[in-house]
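*Asks:* Take a look and give me a structure for this.
(chains A and B)
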Amino acid sequence: MTSQKSSLEPPLGFEEAAATELPDPPQHSRRTVLGAVASFAVLGLATTVLGEGLLNPPSSTEDGNFSGETLEFLIPLASGGGTDTWARFIGTELTNYIPGRPGFAPVNEPGGEGISGTNKFARSAKTDGTEILVGTASTVVPWVLGRSAVKYSFEDLKPVVVNGTGGVIYARTEAGVNGIGDLVNRDKPLEFGGISATGLDITTLVAFDLLEADVTSTFGFEGRGPVNLALQRGEIDLDYQTTSAYGSAVEGIAKEGKATVLMSFGQLDGSGDVVRDPNFPDVPTVPEAYEQLHGKKPSGEKFEAYKTLLGLTYTYQKGLWVPQETPEKAVTLLRESSEKLGTDKEFQTKAGKVLGGYPLVADAEMADRVRDAYTVSNSVRSYVKELLETKYNIHVE
Amino acid sequence: MLDSAMAALASLADPSLLLMLLIGTVAGLIMGLIPGLGGTGAVAILLPITFGMEPPQALALLIGALAVVHTSDTVSAVLLGAPGSASASVTMLDGYSMAKKGQAARALTLAFLSSMAGGIIGAVGLTLAIPLARPLVLSFASPELFMLTVLGVALAAVLSRGNIIKGVSAGLLGLVLGMVGTSPTTAEERFTFGSLFLGDGLSLVAVALGIFGLAEIASRASQRRGQTENITLGGGWGKGIREWLSHWTQVIRGALIGIWAGVLPGVGATAGTWLAYGQAVATAKDKRQFGKGDPRGIVGPESANNSVEAGDLIPTLLFGIPGGVPSAMLLGMLLTYGIQPGPSIITEHLDLMYLIVWSFAIASILGALFCFLSVKQLAKLTKVPFAVLAAGLVAVMLLGSFQEGGQLGDLWVMIILGVFGWLLKSTGFPRAPFLIGFVLAIPLERYYFLTDSLYNGLDWMARPGVLVFLAILVLPILWAFIKFIRARRNTNLDDGHRNERPEDDESPLKNSTWSVAAAGIFAVAFAAALISSAQFSPEARLVPQLVSIGGLVFSGILLFTEIRTRLRARTASAGWTLDAGFAMKTFLWMTGFLALTAAFGYLIAVTVFIPAFLLIVARARLKVALIYTVALYVVLLALPSLLPIDLPQGWLNTLV
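*Replies:* Below is the predicted model:
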């Protein structure tokens, strides 16, 4: 402070400095400085070089046993979100079921809405089964859209376990919506509140396009919670919520008659057809809603796109993945352990809410079903891109 | 209701619950002390421990930590001028000024007591607000939320010390910087130049610690001797408490504003703390001391930023909508226990609700008590030569800022903003509006866009809530403008001494080549933003263009007056001063530290930088330097296994 003063008003400042503070200590000799810095540098260097080797001994994960290993979960999103909670919970539990009880190390690599971390995994993950990627809708959708920032492909990864979610579309009763029929032939289109057309909202947008519903959209909300509040305030008319949020966001206002539940997204079954969501057995699915509106079963490219997106963003939404080069033995061990975990009754009750009412799926045929679901045809890709361009004026790059 | 409340209190007599609460409180205090970790860090470290606990124990642990983080994060803001969070930058205005006058203990005492009261009032508010929360939240639609964000930036610009044009320019530039990254409305990337790193926007911690923390270090690292003023409470604790009690209305007002701001998801906390400061200034008769160590400037905001956390719990628990990362983690924890947040939580888990309320209140008291008892010790920090502190601070701040995104890029951003922050500080620009603008940029744009697309024309302007905010917004600006005109008229009489008050030793480079350069940088930055935003889609460019045009106007005025002053000034003013040289050298040291980190990893960088800086710059005794480095080295070795902290890796680490 005093030296600042001295530059502004030198004589006065100098006197003050002399009065309140001692003069600067003397300089050290060059030899002292060099000696001290050099010896510490050697200490640091030694720790870095030796420490790495001591802390990370080479792994053996093909011996049917993960003892002494650490499972590293790469969570490509910030800590605190739904995916993070999910991954940390599953990881903590899963490591107790893997033979040898490996340690668990969740690593958050937020960046580029999940793209950076996943890119990094695809580029440099270890292929011995100790590094596991947490996949979620935020990383799946940009991959489907073929964004140029995406340097990974789910076709180059092997699934260990998947966990689905579901959701419902509902409307504000006051906007004059009492059932599916009110979605079409409207004087004033319904306002849908969204976060971003290139995120999880895309499945809902494709559903509206399939149904030919009379809807306009406003994006830019912070999350689904704020959209739900905006609907209650009457700012928007249409919204969707995933199963885990249904209880807090929709159930109450639906009971009060303020909101009408219109349809659920449904779930994909083993053969790729849309069936009713076990969590909403009485709510018609999107294809059923189509039948009700148009008197025939849905078909064509829009329906194919809907089914693909349903699988990617709902039925097989969250998953644990390892690089393709991971030895088969290690993958099988991880998968079987996950299967054991998923079928454990105690775990099921404990995990009820985290899993959102959908089981952990890790049976032997899971990989094939996931492979089918994660195969996105070119026609689906181009339809979705075109929908975004023509209707929402978004050019994906 | 009372039965459940009492039952919950009785359950806290359970030693295991009390122990958890205590552990949580201590962990929260420690994490709050380290700039950059804060509430997110506290909950992140405790969350994995809670897996396997019963819900009451887990809640006591997390709430204990959450309730006190804003109590201890005041310490670095007041003593070192390095706020770890955007809301702590408010307390810094008066708290740091007070500490520099040798009254650190007084500032801390006021702050801790206010934090405690804020926490308790917050807990009471949490109880009372339960039935009111829903109508309150639903009455705030997009237009009101938009006005609230505007108010936050505007208040910061008007109320910070320094002239209003500089304040507004800084606020607007903060807004532009906050818009770097993905647009909230169209998801397109803005000002990122194709970089995925910039696509997420700049990290708040890096910006806050750069613009305030590193800038402070650079301007004070030349101090090789500590403060010599005797640090006493001046009459003991009794006097501190008495002084604090004389501001009790500020405490209550601040706490109420905090609760209200916390309840509104999204924009609350930062704007809320500023509103608390704003009302303290607006209702004070004698405003001259604000920004120079007025106790009212500490008491109000400090009680607000603790009650914000309580307010934030209301939407988290009742709607499942968290207002910040820590409460988002809390939400995740509740879900793992099968506790479904939502309106029904009051009927189904009333006992847990009250447990949260009690834990919050008790933790606030415990936390403030611990801090209060250590005031004297903490205040002694100011006796340590700043240059000696600076070495460790650089290391800790860079490490803290690395934790959020785990990217070295954040640290480079931090140093660049450190230089900019130093320039702002030295040339008399208030830095708080810059930070607030940065924080509120995205919410401001989001709610403006939603308001514009969901309402017809300007209908929203007529909403009662919006009118009230408009009034709050326009009146102080008008008042400040009148004051500015008056001040101009007066200073025009004695030509050449504009804005130059004798007590202004904070900004030694005002009215020099440096301040012309600063105004020039502002103008160029706004012009560049305006030009590069032309290629965005219409929705994405609307707000950036409005902001840059406004910024160009203000920085143009600034540049004009600066140049005119320079031309009129007859004597040559300070160009390359001793301090400026020292600050630049310090930034070079920081750059060197970061370069070492990038090459050899953080551990080696620390073992080289710390002893070198201590011996060469701080000229500390050899023994001090040795112990200092060894201690830091041991802590760094132990840290990653004790806390969820990652050390930055360098090019060398990829080889071994």
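
*Asks:* which stretch of helix or strand covers the closest residue in space to A:H395 that isn't next to it in sequence?
*Replies:* Sequence neighbours aside, A:E389 is the residue nearest to A:H395 in space, at 5.9 Å (criterion: Cβ to Cβ, 6 or more residues apart in numbering or on different chains). For every residue, glycine as well, the C-beta is placed using N, CA and C. Using DSSP states H and E, A:E389 falls within helix A:378-392.

*Asks:* Can you give the distance from that helix to the centre of its chain?
*Replies:* In terms of Cα atoms, centre = their mean, to the nearest Å, the centre of helix A:378-392 is found 22 Å from the chain centre.

*Asks:* hang on, the earlier thing: number of nearby residues for the residue nearest to A:H395?
*Replies:* If you count neighbours by other Cβ atoms under 10 Å in any protein chain shown, A:E389 ends up with 12.

*Asks:* ok, now B:A598?
*Replies:* Number of residues near B:A598 (other Cβ under 10 Å) recorded here: 18.

*Asks:* same deal with B:A13?
*Replies:* 8.

*Asks:* Make sure it is indeed in a helix.
*Replies:* No: under DSSP: H, G, I helix; E, B strand; the rest coil, B:A13 falls outside any helix and is assigned coil.

*Asks:* any idea how far the nearest residue to B:I130 once chain neighbours are set aside is from B:A310?
*Replies:* Closest residue in space to B:I130, ignoring its immediate chain neighbours: B:I346 at 6.0 Å, by Cβ to Cβ, 6+ apart. For B:I346, the distance to B:A310 equals 16 Å [Cβ to Cβ, to the nearest Å].

*Asks:* Those two: who's more crowded?
*Replies:* Between B:I346 and B:A310, B:A310 has the larger neighbour count (other Cβ under 10 Å), namely 32 against 16.

*Asks:* Strands of the stretch 51-200 of chain A, start to end?
*Replies:* A:70-75, A:103-108, A:131-135, A:157-163, A:167-172, A:190-193 (DSSP state E, counting those that start in this stretch).

*Asks:* Which one, of those strands, ends up nearest to A:R147?
*Replies:* Nearest to A:R147, of all the strands of the stretch 51-200 of chain A, is strand A:131-135, at 15.8 Å by Cβ to Cβ.

*Asks:* okay, the closest one in PDB with CA atoms only?
*Replies:* C-alpha atoms of strand A:131-135 as PDB (Å, rounded to 0.1, in the frame of the first residue of the first chain):
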ATOM      1  CA  GLU A 131     -11.900 -47.000 -17.300                       C
ATOM      2  CA  ILE A 132     -15.600 -46.800 -17.800                       C
ATOM      3  CA  LEU A 133     -17.600 -44.100 -19.600                       C
ATOM      4  CA  VAL A 134     -20.900 -42.900 -18.400                       C
ATOM      5  CA  GLY A 135     -23.200 -42.300 -21.300                       C
END
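
*Asks:* is it anywhere near chain B?
*Replies:* No: judged by Cβ under 8 Å from any Cβ of the partner chain, strand A:131-135 makes no contact with chain B; its nearest approach is 14.2 Å.

*Asks:* Please state the offset of that strand from the chain centre?
*Replies:* So, by Cα atoms, centre = their mean, the centroid of strand A:131-135 is 11 Å from its chain's centroid.

*Asks:* Ok, stretch B:479-486 next?
*Replies:* Relative to the centre of its chain, stretch B:479-486 is centred 28 Å away, using Cα atoms, centre = their mean.

*Asks:* CA atoms only: put it into CSV for me.
*Replies:* This file holds the C-alpha atoms of stretch B:479-486, laid out as CSV (Å, rounded to 0.1, in the frame of the first residue of the first chain):
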residue,chain,number,x,y,z
TRP,B,479,-30.1,10.0,-8.3
ALA,B,480,-26.6,8.9,-9.2
PHE,B,481,-26.9,10.7,-12.5
ILE,B,482,-27.9,14.0,-10.8
LYS,B,483,-25.0,13.6,-8.5
PHE,B,484,-22.6,12.9,-11.4
ILE,B,485,-23.8,16.1,-13.2
ARG,B,486,-23.5,18.1,-10.0
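
*Asks:* circling back: output the contacting helices and strands for the helix holding A:E389.
*Replies:* Helix A:378-392 makes packing contacts with helix A:137-145, helix A:201-211, helix A:301-310 when contacts are defined by 3 or more Cβ pairs under 8 Å, 6 or more residues apart in numbering or on different chains; DSSP states H and E.

*Asks:* let's see it at 10 Å
*Replies:* Secondary-structure packing of helix A:378-392 (3 or more Cβ pairs under 10 Å, 6 or more residues apart in numbering or on different chains; DSSP states H and E): helix A:137-145, helix A:201-211, strand A:215-218, helix A:301-310.

*Asks:* Relative to chain B, which of the ones you listed is closest?
*Replies:* Of all these, strand A:215-218 sits nearest to chain B, with 4.9 Å by Cβ to the nearest Cβ.

*Asks:* Quick check: next helix or strand after that closest one?
*Replies:* helix A:224-233.

*Asks:* how about the closest residue to A:N178 other than its chain neighbours, phi and psi?
*Replies:* Computed as Cβ to Cβ, 6+ apart, the closest residue to A:N178 that is not its neighbour in sequence is A:T260, at 5.8 Å. The phi/psi pair for A:T260 (degrees, to the nearest 10) reads phi -120, psi 120.

*Asks:* What is the burial count for A:T260?
*Replies:* If you count neighbours by other Cβ under 10 Å, A:T260 ends up with 17.

*Asks:* just the one 10 residues further on next, same as before
*Replies:* A:G270 is flanked by 10 other residues according to other Cβ under 10 Å.

*Asks:* Poorly predicted segments of the stretch 51-200 of chain B, please.
*Replies:* By pLDDT under 70, the weakly predicted segments of the stretch 51-200 of chain B are B:51-52, B:84-86, B:160-162.

*Asks:* where along it do the strands fall?
*Replies:* Counting by DSSP E, counting those that start in this stretch, the segments of the stretch 51-200 of chain B that form strands are B:181-182, B:189-190.

*Asks:* name the helices or strands packed onto the first one?
*Replies:* In this structure, strand B:181-182 makes packing contacts with strand B:189-190, helix B:196-199, helix B:432-454, judged by 3+ Cβ pairs under 10 Å, 6+ apart.

*Asks:* Wait, the residue nearest to A:N178 touches A:L190, no?
*Replies:* No: in this structure, A:T260 is not within contact of A:L190 by Cβ atoms under 10 Å, at 11.6 Å.

*Asks:* Distance-wise, check the closest residue to B:L444 other than its chain neighbours relative to chain A.
*Replies:* Spatial nearest neighbour of B:L444, chain neighbours left out: B:T149 (4.0 Å); criterion: Cβ to Cβ, 6+ apart. B:T149 sits 12 Å away from chain A, going by Cβ to the nearest Cβ, to the nearest Å.

*Asks:* So which residue is dead centre in chain A?
*Replies:* When Cα atoms, centre = their mean is applied to chain A, the residue found nearest the centroid is A:T136 (3.4 Å).

*Asks:* Count the neighbours of the residue lying closest to that residue once chain neighbours are set aside for me.
*Replies:* Sequence neighbours aside, A:T83 is the residue nearest to A:T136 in space, at 4.4 Å (criterion: Cβ to Cβ, 6+ apart). Applying other Cβ under 10 Å, we find 23 other residues in the vicinity of A:T83.
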